[in-house]
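1. coords please:
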Amino acid sequence: MTPSIGANQRLISDYEFDFAKRLAREVLEKPKISVWLVLIPILFLYYAHKIQQYKAGLQGFCDGVLHTRKIALEAVVAELLGSDGPDYRASFLAAHPEPTPQALKVLERQTAQIELLKEHYRRLLLAAAPDYRGLLRGAYRNSGEYGDFLDRLNRAEEEVGQAVLEAFQPGEEARRINGRMVRLSRELRAEEQRRFF
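-> From the prediction side, this is the model:
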(Lines give C-alpha, C1' and ligand atoms only; values in the text may rest on other atoms or scores of the structure.)
Protein backbone atom coordinates (compact mmCIF):
# COMPACT_ATOMS: atom_id res chain seq x y z
CA MET A 1 0.00 0.00 0.00
CA THR A 2 1.36 3.43 -0.98
CA PRO A 3 1.19 6.04 1.77
CA SER A 4 -1.10 9.02 1.23
CA ILE A 5 0.61 12.10 2.63
CA GLY A 6 -2.70 13.97 2.95
CA ALA A 7 -4.45 11.11 4.77
CA ASN A 8 -1.46 10.56 7.05
CA GLN A 9 -1.28 14.29 7.76
CA ARG A 10 -4.91 14.21 8.92
CA LEU A 11 -4.25 11.19 11.15
CA ILE A 12 -1.25 12.93 12.70
CA SER A 13 -3.11 16.25 13.17
CA ASP A 14 -6.08 14.47 14.76
CA TYR A 15 -3.80 12.56 17.12
CA GLU A 16 -1.87 15.70 18.14
CA PHE A 17 -5.09 17.65 18.76
CA ASP A 18 -6.50 14.79 20.85
CA PHE A 19 -3.27 14.60 22.88
CA ALA A 20 -3.31 18.37 23.47
CA LYS A 21 -6.96 18.22 24.66
CA ARG A 22 -6.25 15.34 27.04
CA LEU A 23 -3.21 17.12 28.41
CA ALA A 24 -5.15 20.40 28.83
CA ARG A 25 -7.92 18.65 30.76
CA GLU A 26 -5.34 17.16 33.11
CA VAL A 27 -3.29 20.34 33.59
CA LEU A 28 -6.04 22.96 33.89
CA GLU A 29 -8.41 22.77 36.82
CA LYS A 30 -12.09 22.75 35.91
CA PRO A 31 -14.35 24.87 38.15
CA LYS A 32 -16.19 22.70 40.62
CA ILE A 33 -19.93 22.77 41.23
CA SER A 34 -20.76 23.82 44.75
CA VAL A 35 -23.81 23.15 46.92
CA TRP A 36 -24.09 26.94 47.08
CA LEU A 37 -25.16 26.96 43.42
CA VAL A 38 -28.36 25.19 44.47
CA LEU A 39 -28.91 27.34 47.54
CA ILE A 40 -28.08 30.68 45.88
CA PRO A 41 -29.02 30.51 42.19
CA ILE A 42 -27.36 33.84 41.35
CA LEU A 43 -24.04 32.03 41.79
CA PHE A 44 -24.82 30.14 38.57
CA LEU A 45 -23.80 33.31 36.71
CA TYR A 46 -20.42 33.27 38.43
CA TYR A 47 -20.05 29.54 37.70
CA ALA A 48 -21.04 30.04 34.04
CA HIS A 49 -18.41 32.79 33.77
CA LYS A 50 -15.76 30.50 35.30
CA ILE A 51 -16.70 27.70 32.88
CA GLN A 52 -16.34 30.09 29.93
CA GLN A 53 -12.89 31.09 31.19
CA TYR A 54 -11.99 27.40 31.57
CA LYS A 55 -13.08 26.62 28.00
CA ALA A 56 -11.10 29.58 26.66
CA GLY A 57 -8.14 28.39 28.71
CA LEU A 58 -8.44 24.90 27.23
CA GLN A 59 -8.42 26.32 23.70
CA GLY A 60 -5.47 28.60 24.41
CA PHE A 61 -3.57 25.75 26.04
CA CYS A 62 -4.20 23.46 23.05
CA ASP A 63 -3.13 26.21 20.64
CA GLY A 64 0.10 26.63 22.58
CA VAL A 65 0.86 22.91 22.70
CA LEU A 66 0.10 22.51 19.00
CA HIS A 67 2.07 25.55 17.80
CA THR A 68 5.43 23.87 17.15
CA ARG A 69 3.74 20.65 16.04
CA LYS A 70 1.79 22.45 13.32
CA ILE A 71 4.93 24.20 12.10
CA ALA A 72 6.90 20.93 12.00
CA LEU A 73 4.13 19.00 10.25
CA GLU A 74 3.52 21.73 7.66
CA ALA A 75 7.27 21.96 6.99
CA VAL A 76 7.64 18.22 6.38
CA VAL A 77 4.54 18.02 4.18
CA ALA A 78 5.87 20.95 2.13
CA GLU A 79 9.28 19.28 1.80
CA LEU A 80 7.72 15.98 0.71
CA LEU A 81 5.57 17.79 -1.84
CA GLY A 82 8.56 19.78 -3.13
CA SER A 83 7.63 23.25 -1.92
CA ASP A 84 8.82 25.71 0.72
CA GLY A 85 7.53 25.24 4.24
CA PRO A 86 6.86 27.90 6.87
CA ASP A 87 9.83 30.02 7.95
CA TYR A 88 9.34 29.69 11.70
CA ARG A 89 12.59 31.49 12.51
CA ALA A 90 11.44 34.58 10.60
CA SER A 91 8.01 34.42 12.30
CA PHE A 92 9.62 34.24 15.73
CA LEU A 93 11.97 37.12 14.98
CA ALA A 94 9.08 39.19 13.62
CA ALA A 95 7.25 38.67 16.92
CA HIS A 96 10.43 39.61 18.84
CA PRO A 97 12.09 42.36 16.72
CA GLU A 98 14.85 43.02 19.26
CA PRO A 99 15.29 39.65 20.92
CA THR A 100 17.19 39.34 24.15
CA PRO A 101 19.77 36.56 24.49
CA GLN A 102 17.16 34.65 26.54
CA ALA A 103 14.57 35.01 23.76
CA LEU A 104 17.13 33.76 21.23
CA LYS A 105 17.65 30.75 23.49
CA VAL A 106 13.89 30.08 23.27
CA LEU A 107 14.17 30.21 19.47
CA GLU A 108 17.15 27.83 19.57
CA ARG A 109 15.28 25.35 21.78
CA GLN A 110 12.09 25.59 19.70
CA THR A 111 14.08 25.05 16.53
CA ALA A 112 15.62 21.89 18.02
CA GLN A 113 12.15 20.67 19.03
CA ILE A 114 10.76 21.40 15.55
CA GLU A 115 13.64 19.52 13.90
CA LEU A 116 12.99 16.51 16.15
CA LEU A 117 9.28 16.61 15.35
CA LYS A 118 10.02 16.93 11.64
CA GLU A 119 12.08 13.74 11.77
CA HIS A 120 9.22 11.97 13.56
CA TYR A 121 6.51 13.28 11.23
CA ARG A 122 8.53 12.37 8.14
CA ARG A 123 8.62 8.76 9.35
CA LEU A 124 4.86 8.79 10.00
CA LEU A 125 3.98 10.50 6.74
CA LEU A 126 5.89 7.89 4.74
CA ALA A 127 4.29 4.92 6.53
CA ALA A 128 1.29 3.17 5.00
CA ALA A 129 -1.49 2.46 7.50
CA PRO A 130 -5.20 3.15 7.99
CA ASP A 131 -4.85 4.59 11.51
CA TYR A 132 -2.40 6.40 13.77
CA ARG A 133 -1.37 3.25 15.62
CA GLY A 134 -0.48 1.67 12.30
CA LEU A 135 1.57 4.72 11.32
CA LEU A 136 3.59 4.42 14.52
CA ARG A 137 4.11 0.70 14.13
CA GLY A 138 5.16 1.24 10.51
CA ALA A 139 7.55 4.06 11.40
CA TYR A 140 9.15 2.48 14.49
CA ARG A 141 10.36 -1.11 14.65
CA ASN A 142 9.46 -1.63 18.28
CA SER A 143 8.41 -0.02 21.54
CA GLY A 144 12.01 0.69 22.54
CA GLU A 145 12.76 2.66 19.38
CA TYR A 146 9.55 4.66 19.81
CA GLY A 147 10.39 5.15 23.50
CA ASP A 148 13.77 6.63 22.53
CA PHE A 149 11.96 9.22 20.41
CA LEU A 150 9.55 9.99 23.28
CA ASP A 151 12.48 10.49 25.67
CA ARG A 152 14.11 12.94 23.26
CA LEU A 153 10.79 14.74 22.77
CA ASN A 154 10.19 15.02 26.51
CA ARG A 155 13.69 16.49 26.98
CA ALA A 156 13.21 18.92 24.09
CA GLU A 157 9.88 20.13 25.50
CA GLU A 158 11.38 20.55 28.97
CA GLU A 159 14.23 22.60 27.51
CA VAL A 160 11.77 24.84 25.62
CA GLY A 161 9.68 25.30 28.76
CA GLN A 162 12.73 26.15 30.86
CA ALA A 163 13.99 28.62 28.25
CA VAL A 164 10.56 30.31 28.13
CA LEU A 165 10.44 30.58 31.93
CA GLU A 166 13.95 32.11 32.00
CA ALA A 167 13.28 34.49 29.11
CA PHE A 168 9.88 35.84 30.07
CA GLN A 169 9.76 35.37 33.87
CA PRO A 170 5.99 34.66 33.90
CA GLY A 171 5.70 33.98 37.64
CA GLU A 172 5.15 31.12 40.05
CA GLU A 173 1.79 30.00 38.65
CA ALA A 174 3.33 29.51 35.20
CA ARG A 175 6.18 27.51 36.74
CA ARG A 176 3.70 25.30 38.56
CA ILE A 177 1.68 24.72 35.39
CA ASN A 178 4.84 24.02 33.38
CA GLY A 179 5.99 21.45 35.93
CA ARG A 180 2.58 19.79 35.93
CA MET A 181 2.53 19.79 32.13
CA VAL A 182 5.97 18.14 31.94
CA ARG A 183 4.98 15.40 34.39
CA LEU A 184 1.60 14.71 32.79
CA SER A 185 3.01 14.71 29.24
CA ARG A 186 5.47 12.01 30.29
CA GLU A 187 2.70 9.97 31.93
CA LEU A 188 0.33 10.24 28.96
CA ARG A 189 3.07 9.29 26.51
CA ALA A 190 4.19 6.30 28.57
CA GLU A 191 0.58 5.11 28.70
CA GLU A 192 0.22 5.54 24.94
CA GLN A 193 3.50 3.75 24.26
CA ARG A 194 2.13 0.70 26.11
CA ARG A 195 -1.17 0.97 24.22
CA PHE A 196 0.33 1.43 20.75
CA PHE A 197 2.99 -1.28 21.04
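2. And Ala190, how far from Glu172?
-> Taking CB to CB, to the nearest Å as the measure, Ala190 and Glu172 are separated by 28 Å. (C-beta placed from N, C-alpha, C; glycine too.)
3. of those two, who's got more company?
-> Ranked by neighbour count (other CB atoms under 10 Å), Ala190 and Glu172 place Ala190 first, with 13 against 7.
4. Now name the helix or strand holding the more buried one.
-> Assigned by DSSP states H and E, Ala190 belongs to helix 172-196.
5. Show the average pLDDT along that helix.
-> Here helix 172-196 scores 91 as its mean pLDDT.
6. Give me the buried positions along it.
-> Residues of helix 172-196 classed as buried by neighbour count (16 or more other CB atoms under 10 Å): 177-178, 181-182, 184-186, 189, 192-193.
7. same deal with stretch 66-80?
-> Residues of stretch 66-80 classed as buried: 66, 68-77, 80 (neighbour count, 16+ other CB under 10 Å).
8. Nearest to Arg22, out of the residues you listed: which one, please.
-> Taking CB to CB as the measure, Leu66 is the one of the buried residues of stretch 66-80 closest to Arg22, at 12.7 Å.
9. Would you mind measuring from that closest one to Pro97?
-> 25 Å.
10. what number of residues lie near the nearest residue to Leu153 once chain neighbours are set aside?
-> Residue nearest to Leu153 in three dimensions, not counting chain neighbours: Leu116, with 6.2 Å by CB to CB, 6 or more residues apart in numbering. By the criterion of other CB under 10 Å, Leu116 has 18 neighbours.
11. ok, now Ser91?
-> Around Ser91 sit 11 other residues, with neighbours defined as other CB under 10 Å.
12. what about it, which helix or strand?
-> Per DSSP H and E: Ser91 is located in helix 88-95.
13. how about that helix: buried residues?
-> For helix 88-95, a neighbour-count test (16+ other CB under 10 Å) marks 88, 92 as buried.
14. and that helix, what does it pack onto?
-> Packing contacts for helix 88-95, counted by 3 or more CB pairs under 8 Å, 6 or more residues apart in numbering; DSSP states H and E, involve helix 43-80, helix 101-125.
15. Okay, Asp14 and Leu107: tell me how far apart.
-> For Asp14, the distance to Leu107 - CB to CB - is 28 Å.
16. What backbone torsions are found at Gly171?
-> For Gly171, the backbone dihedrals (degrees, to the nearest 10) come out as phi 110, psi 170.
17. Next, the angle helix 43-80 makes with the helix holding Ala190.
-> Orientation of helix 172-196 against helix 43-80 (axes from the mean of the first three to the mean of the last three CA atoms, to 10 degrees) gives an angle of 60 degrees.
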